[in-house]
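Peer 1: okay, predicted coordinates and the sequence, questions at the end:
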Amino acid sequence: VTPVRWVRAAAATELAVWEAPAVARLDGLGRAEVTASVRVRVSRVLAQPGDRVAAGAPVVEVEAPELIRALAARGAAAGRVAPLRRWRAELTAQRETGLVRGADVHDVEARLADAEAELRRAEAELRAAGVAPHDLAALERTGRFALRSPIAGVVRSVEAVPGRIVEPGQG
């Protein structure tokens, strides 16, 4: 029987919630496995066996097509929201003077609601994948982002190979 090692619990940090687009599976013996939370293709391996890594250090650079699509949808929706808000304000003002029908205002409000919903869906997809705000710019610019070590430690083994497709939950 393997003895159980107890560790002191610590409050979640912002790092644990936002800056690690990966999952660490801890086995209670001080070992962890970093896995992707979405389907990715490995671009570059940044950490090698024997390397010491800090919590939050990039260990693998990956491409994630579904996140690139979510980022594009976010940009497209954000580009529609501001003009629709201005249009709604103009139509509402004109409606009060009788120059515009109520149906026209409602049509713009429906379009605005759709754009805002699309924006929230895309942002939720990016958050659910764990993409850090500072990684969004790199993802948008290069199509790549880093999987980061959720804990400090020494890398014991690396299974990531450039070009390999990694399914969600695979190490």
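Peer 2: Ah, there it is. These numbers were taken from a predicted model, which means no experiment stands behind them.

Peer 1: any idea how far residue 145 lies from residue 58?
Peer 2: Applying CB to CB, to the nearest Å, the value for residue 145 to residue 58 is 9 Å. Using the backbone N, CA and C atoms, a C-beta is placed for each residue, glycine as well.

Peer 1: I misspoke; the intended subject was residue 85.
Peer 2: Distance from residue 85 to residue 58, by CB to CB: 37 Å.

Peer 1: burial count for residue 152?
Peer 2: 11 (other CB atoms under 10 Å).

Peer 1: can you classify the closest residue to it other than its chain neighbours by secondary structure?
Peer 2: Nearest residue to residue 152 in three dimensions, chain neighbours excluded: residue 55, at 4.7 Å (CB to CB, 6 or more residues apart in numbering). Of the three states, residue 55 takes coil under DSSP: H, G, I helix; E, B strand; the rest coil.

Peer 1: check contacts around residue 55.
Peer 2: The contact partners of residue 55, taken as CB atoms under 8 Å, 6 or more residues apart in numbering, are 15, 149, 150, 151, 152.

Peer 1: next one, pLDDT for it please.
Peer 2: You'll see residue 55 listed with a pLDDT of 85.

Peer 1: C-terminal to the longest helix along the chain, what's the next element?
Peer 2: As assigned by DSSP state H, the longest helix anywhere in the chain is helix 65-96. With elements assigned by DSSP states H and E, the helix or strand that comes after helix 65-96 is helix 102-128.

Peer 1: mind listing what's buried along that following helix?
Peer 2: 104, 105, 108, 112, 115, 116, 118, 119, 122, 123, 125, 126 (16 or more other CB atoms under 10 Å).

Peer 1: what sits closest to the first one if chain neighbours are left out?
Peer 2: Ranked by CB to CB, 6+ apart and with sequence neighbours excluded, the top spatial neighbour of residue 104 is residue 91, at 5.8 Å.

Peer 1: no more questions from me, cheers.
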